[in-house]
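J.: Below is the structure, and that's it, no one-letter string:
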């Protein structure tokens, strides 16, 4: 089952995303106009220290006007391998690399209007590996016990999608281990 694009018009092309307006024919002979945000994809990393604590970063997010606790994460560069991007983001955001990096999830962030694909990794056996972060990022780094993160989820203190997905997967893994 797939649709087909009849025409496409690019309205905007920026550093992070592009916006297209597509005329499409979808399954069931549905003809529609779709506004589509095009994105190169992204990675996120559930970084687990040797003591079991999980490293999150807190940064201000202008679109929601809040500082949010999130997994270290970032955009994939054109043609970049997701695993390499995950290691790069760990270095830039928390000054670490993972000796063990395993993919735990793949999903589309908001498929109703965006084609962004998210690769989520679980990183363990972390080692120091500092790198210079992005100029426009102000990041606070903190490690949390999984039980504390579960409480933060229940209180609504963690409200960012990729972080919720990864933490809920880790909570399920911990309960079945």
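T.: Yep, it's here. Owing to the predicted nature of the structure, the values given are computational and were not obtained by experimental measurement. Numbering: from 1, shown residues only.

J.: Centre-most residue in the chain?
T.: Of all residues in the chain, the one closest to the mean position by C-alpha atoms, centre = their mean is residue 44, 4.2 Å from it.

J.: May I ask you to confirm that that one is in contact with residue 123?
T.: No. If you go by C-beta atoms under 8 Å, residue 44 and residue 123 don't touch, sitting 10.3 Å apart. Where C-beta positions appear, they are placed from N, C-alpha and C, glycine not excepted.

J.: list the residues that contact both of those two?
T.: residue 86 (C-beta atoms under 8 Å, 6 or more residues apart in numbering).

J.: On the three-state scheme, residue 163 is what?
T.: With DSSP: H, G, I helix; E, B strand; the rest coil as the basis, residue 163 sits in helix.

J.: ok, residue 115 touching residue 34?
T.: No. Contact between residue 115 and residue 34 fails when scored by C-beta under 8 Å: they sit 10.8 Å apart.

J.: residues of stretch 98-114 that come out buried?
T.: 98, 101, 104, 109, 114 (16 or more other C-beta atoms under 10 Å).

J.: I misspoke; the intended subject was stretch 138-148.
T.: Buried, per 16+ other C-beta under 10 Å, within stretch 138-148: 144, 146.

J.: and the host helix or strand of residue 141, which strands flank it?
T.: Element membership for residue 141 (DSSP states H and E) is strand 140-144. Paired strands of strand 140-144, with direction, are strand 54-61 (antiparallel) (DSSP bridges).

J.: And the average pLDDT for the strand it pairs with is what?
T.: Taken as a whole, strand 54-61 has an average pLDDT of 97.

J.: What are the buried residues along it?
T.: 54, 55, 56, 57.

J.: now the residues you listed in JSON lines, with distance to residue 81?
T.: Supplementary listing: these in JSON lines, determined by distance: C-beta to C-beta, whole Å:
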{"residue": "54", "distance to residue 81": "24"}
{"residue": "55", "distance to residue 81": "22"}
{"residue": "56", "distance to residue 81": "24"}
{"residue": "57", "distance to residue 81": "22"}
